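Novice: how would this look folded up:
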Amino acid sequence: MISLLLAAAVAASPAGQYTAPVARYSDSWIVPYLDWPRSGVPKGTYTAASVELTVNSYGGVSGCKVVKVVGAAGMGDLTCDLLRVRARFDPARDPSGRRLWGIYRTRIIWWAPEDDMAKDWRPPADANYQVTVDALPSSAKRPAVAWIQFAVDKTGQASGCNGVSEADEDREFAQLACERLGPTFKSEAALDRGGRPVDSVQTATVELLPR
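Specialist: Have a look, this model is predicted:
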């Protein structure tokens, strides 16, 4: 049976969906070879910093939380310091177009481009959630990861799950992810500048694992 969460995602048209914050000019947010710290971290240290950005209803970053760092631990704080100043978004919106707060989850890769070893380095898979499915499509690559967006009310209850990407394979993965997360799925509510929970639209990555 299709879950209520998936049914809402499939039934909604692009103009009638919740939409998460959309990153603007993200390639310029961090330039590793320019932003690398002057001391303390050798340039041969490859780092992946997973962060959560709280995006206000005007598209600015109101908060940044380091979720996980693989590599040099101190690069997580540096990543947040830079993103608070530089990251900009088109704000999240509800189906009527009203601006909302949002949480944008992403991972920033730090490496020194002049080092040839970086060409062969791949960061480990780092999904926000994992779900099991009966089977993956035969064409699926591993790891099979869906990028989704969903509304979250002040209590953390999620609804309106759908995929961010329009590619056919990505859309199929997103439908599977939304179905498996199910209508009981909860997330952390976004907090405004005063620390109060607010309605939001959030992004997340979900890794699909075959049974």
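
Novice: what are the ranges of the strands in this protein?
Specialist: All strands of the chain, identified by DSSP state E, fall at 22-24, 47-55, 61-70, 88-90, 92-93, 99-110, 129-133, 144-152, 158-163, 190-191, 197-198, 200-210.

Novice: What sits closest to residue 103 if chain neighbours are left out?
Specialist: Counting by C-beta to C-beta, 6 or more residues apart in numbering, the nearest residue to residue 103 once its immediate chain neighbours are dropped is residue 202, at 4.1 Å. C-beta coordinates here come from the backbone N, C-alpha and C atoms, glycine included.

Novice: typo on my end, residue 58
Specialist: Distances taken as C-beta to C-beta, 6+ apart put residue 91 closest to residue 58, at 6.2 Å, once the chain neighbours are dropped.

Novice: Residue 49 versus the residue most central in space within the chain, what's the distance?
Specialist: Within the chain, one residue has its C-alpha closest to the average C-alpha position: by C-alpha atoms, centre = their mean, that is residue 105, at 2.9 Å. Taken as C-beta to C-beta, to the nearest Å, the spacing of residue 105 relative to residue 49 amounts to 12 Å.

Novice: Give me the pLDDT value at the spatially most distant residue from the centre of the chain.
Specialist: Centroid-distance maximum for the chain: residue 39 at 29.8 Å, with C-alpha atoms, centre = their mean. Residue 39 is assigned a pLDDT of 81 by the prediction.

Novice: Quick check: it vs residue 74, distance?
Specialist: Summarising the geometry, the distance separating residue 39 from residue 74, computed by C-beta to C-beta, is 11 Å.

Novice: Over to residue 51?
Specialist: 14 Å.
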